[in-house]
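1. any chance you could fold what I've pasted below:
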Amino acid sequence: MPIIINLDVMLAKRKMRSNELAAKIGITEQNLSVLKNARAKALRLSTLDAICKHLQCQPGDILEYVDDEKPA
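-> The predicted model follows:
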């Protein structure tokens, strides 16, 4: 998938644990783990907003697009 989730990087930069962030933004640790490990099919904007607020970052710090198509 060309969308990379860099949530673990931001958590490390902020010296915050996943369970702490999950509690602060009101989602389960399991749901945060699904997102963190790029197994999520969708991401609510309200969840992204809460993550960015608590990690004091921009959405682009969390989400990254990588073109995985090979040039012809």
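2. only C-alpha atoms from now on, for both contacts and neighbour counts.
-> Will do.
3. for the record, mean pLDDT for the helix or strand where Lys53 lies?
-> Using DSSP states H and E, Lys53 maps to helix 45-55. Mean pLDDT, helix 45-55: 96.
4. just stretch 63-70 next, same as before
-> 83.
5. which residues does it contact?
-> By CA atoms under 8 Å, 6 or more residues apart in numbering, the residues outside stretch 63-70 that reach it are Met1, Pro2, Ile3, Ile4, Ile5, Asn6, Leu7.
6. switch those residues over to JSON lines; also include secondary structure and distance to Leu21.
-> Putting those into JSON lines (DSSP: H, G, I helix; E, B strand; the rest coil; distance: CA to CA, whole Å) gives the following:
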{"residue": "Met1", "secondary structure": "coil", "distance to Leu21": "25"}
{"residue": "Pro2", "secondary structure": "coil", "distance to Leu21": "25"}
{"residue": "Ile3", "secondary structure": "strand", "distance to Leu21": "21"}
{"residue": "Ile4", "secondary structure": "strand", "distance to Leu21": "19"}
{"residue": "Ile5", "secondary structure": "strand", "distance to Leu21": "15"}
{"residue": "Asn6", "secondary structure": "coil", "distance to Leu21": "14"}
{"residue": "Leu7", "secondary structure": "helix", "distance to Leu21": "11"}
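7. in ChimeraX, how would I select just the buried ones from these?
-> To isolate the buried ones among the contacts of stretch 63-70 in ChimeraX, judged by 16 or more other CA atoms under 10 Å, type:
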select :5,6,7
